[in-house]
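fold the stuff below for me.
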Amino acid sequence: MYRLALIMLVNERGKYLGIIAALSFTAFMMAQQPAIFFGILSRTTAVITELPVVDLWVMDANVENVDDPKPLPDTQLYLVKGVSGVAWAVPFYRGSIKARLPDGNFIACQLVGIDDVTLIGGPAKISAGRLADLRISDGVLVDEASAYGRLAQTATGEQRPPFGVGSTLELNDNRASIVGLHQATPSFQSQPIIYTTYSRVKIFQSSERKLLSFVLVKLKKPEDAQRVVAEIRKRTGLAAYTSEEFRSLSTRYFLFRTGIFINFAISAAIAFLIGGGIAGQTFYNFTLDHLRYFGVLKAMGASNRLLLGMIALQSLTAGVIGFGLGIGAVTFFGTFIQDSRFAFEINNWIVSASGAAIITVSLLAALLSARPVLRLEPATVFRG
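Numbering: from 1, shown residues only. Sure thing, here's the model as predicted:
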């Protein structure tokens, strides 16, 4: 009987393909939208993730996320260094600056200043030059994607030769010489990311009185993290978080204090309702078209439980096929754009949630379609 149910499903080609298409669309959108959302969300904390050597982040107590630092006086760095349990502490600057390009056009960039001596806080991947070259006079590192992309475009959108080692630009009327290129995870703002030393930041941002965004701390014993955090807060009045705590703080800010989550949730919900509605309606019509066959089976002694199982099998089979096609399309989409600056991050949670959504749609469609079958009187089929 269950084999007969599958034969009934695939023989009705038009409605069968319509159900598969609707479920595939639902699975695709239910996975693609969260994948883009998680991709964007991962960029908000990329700077924290890319510094695994750091145990604690020390900052102003009012800081809510990594992209909105509150500048501190340099004296706070020395207070943190004096806390028991701190192996070393280095300054870290993160802010915005306008870069002037050779054609006179200005572009907003992210400027990152790292410790002059240790160069802790620098990018992990250098594609041209060396991190140590930052000690060269006026030296900066520019992210490779921007050097070949946004920085290499004129105000009219025309392409100029890409920036490379030896190229120059102006930062607040100060000459900056590109001594290398780095491969950084794009930031939330997707602006060019420029690295330089902390002392040179003071030249580029000479109008600012306070420039210390964060103090990066390495502990002598990682297990003493909470004790050191409490001591830093007591002695300096600053906030101190482990890398995981600071990442969670920034993530919660972008989740609940911005409209990003709501926008993507609405998009996924609309996709679920539209795709599920189309699939449910198509499957309902499919069942009505085969109502006479179910009536015959019922007259032959098939129980309501058996008929319900046949309908559920048809619906779930279509759901599994649609889910496979939808997730396959999402995976291909992610592979196609993986080398671009497009934010995309798919994981097992997204796939599982999408699968659960498709199963829910399939079961609801089966329940909706089963009502006329369960209420059907076999005699009416023969009278018709």
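
how about the helix or strand encompassing residue 352: buried residues?
Element membership for residue 352, per DSSP states H and E: helix 348-374. Buried positions in helix 348-374, judged by neighbour count with 16 or more other CB atoms under 10 Å: 350-351, 354-355, 357-358, 361-362, 365-366, 368-370, 373. In short, each C-beta sits where N, CA and C put it, glycine included.

and of those, the nearest to residue 106?
Residue 106 lies nearest to residue 350 out of the buried residues of helix 348-374, by CB to CB, at 38.8 Å.

shaky segments in the stretch 201-350 of the chain?
338-341 (pLDDT under 70).

where do the helices sit along it?
In the stretch 201-350 of the chain, the helices defined using DSSP state H, counting those that start in this stretch lie at 225-236, 243-256, 260-289, 291-299, 304-337, 348-374.

helices and strands around the fifth one, which ones?
Helix 304-337 is packed against helix 2-11, helix 13-44, helix 260-289, helix 291-299, helix 348-374, with contacts defined by 3 or more CB pairs under 8 Å, 6 or more residues apart in numbering; DSSP states H and E.

now, of the ones you listed, which is deepest in the fold?
A comparison of the helices and strands packed on helix 304-337 by mean neighbour count, using mean count of other CB atoms under 10 Å, puts helix 13-44 on top with a mean of 21.

other SSEs contacting that helix?
In terms of contacts (3+ CB pairs under 8 Å, 6+ apart), helix 13-44 is packed against helix 243-256, helix 260-289, helix 304-337, helix 348-374.

among those, which is nearest residue 51?
helix 243-256 (7.4 Å).

so for that closest one, what gets flagged as buried?
Applying 16+ other CB under 10 Å to helix 243-256 flags 243, 246-247, 249-251, 253-254 as buried.

contacting residues around the closest residue to residue 231 other than its chain neighbours?
The shortest distance from residue 231 to any non-neighbouring residue, by CB to CB, 6 or more residues apart in numbering, is to residue 83 (5.1 Å). The neighbours of residue 83, taking CB atoms under 8 Å, 6 or more residues apart in numbering as the test, are 228, 231-232, 235.

and residue 83, helix, strand or coil?
Per DSSP: H, G, I helix; E, B strand; the rest coil, the secondary structure class of residue 83 is coil.
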